[in-house]
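Visitor: no sequence on hand, only this structure:
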């Protein structure tokens with residue numbers, strides 16, 4: 001038995017994978033591929049996911065589409081407020 005609690009859907013909320021945008025989820029300043037979107041959607045059913053980027057949220061949405069729907073957490077401008 002695992003020491004980590006899972007929610008009713010089998011997702012482990014204690015694990016968070018954070019991804020950078022440029023050079024990780026997308027080529028620099030390019031749009032995310034459909035394969036990456038599918039992977040992120042599948043991963044989000046297992047663990048919490050988040051995106052961190054240096055650009056503002058408008059630019060992140062240009063690259064990732066509706067990124068708030070792809071991730072549990074979205075940090076734009078390197079998390080600055």
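Guide: Alright, I've got the coordinates. Quantities reported herein were computed from a predicted structural model and do not represent experimental measurements.
Visitor: could you use CA atoms for every contact and neighbour count after this?
Guide: OK.
Visitor: let me see the contact set for residue 15.
Guide: Counting by CA atoms under 8 Å, 6 or more residues apart in numbering, residue 15 makes contact with 47, 48.
Visitor: can I take it that it is in a strand?
Guide: Yes - assessed by DSSP: H, G, I helix; E, B strand; the rest coil, residue 15 belongs to a strand.
Visitor: check what pLDDT it gets.
Guide: In the prediction, the pLDDT value recorded for residue 15 is 97.
Visitor: distance of it from residue 44?
Guide: Residue 15 sits 10 Å away from residue 44, taking CA to CA, to the nearest Å as the criterion.
Visitor: where does pLDDT dip in the protein?
Guide: By pLDDT under 70, the low-scoring segments of the chain are 1-5, 8, 67-68, 81.
Visitor: gap between stretch 34-54 and the chain center?
Guide: Stretch 34-54 sits 4 Å away from the centroid of its parent chain (CA atoms, centre = their mean, to the nearest Å).
Visitor: gap between the two ends of that stretch?
Guide: Termini of stretch 34-54 sit 22 Å apart (CA to CA).
Visitor: quick check: phi and psi on residue 24?
Guide: Torsion angles at residue 24 (phi, psi; degrees, to the nearest 10) stand at phi -120, psi -70.
Visitor: oh sorry, the question was meant for residue 21
Guide: According to degrees, to the nearest 10, residue 21 has phi -80, psi -80.
Visitor: burial count for it?
Guide: By the criterion of other CA atoms under 10 Å, residue 21 has 23 neighbours.
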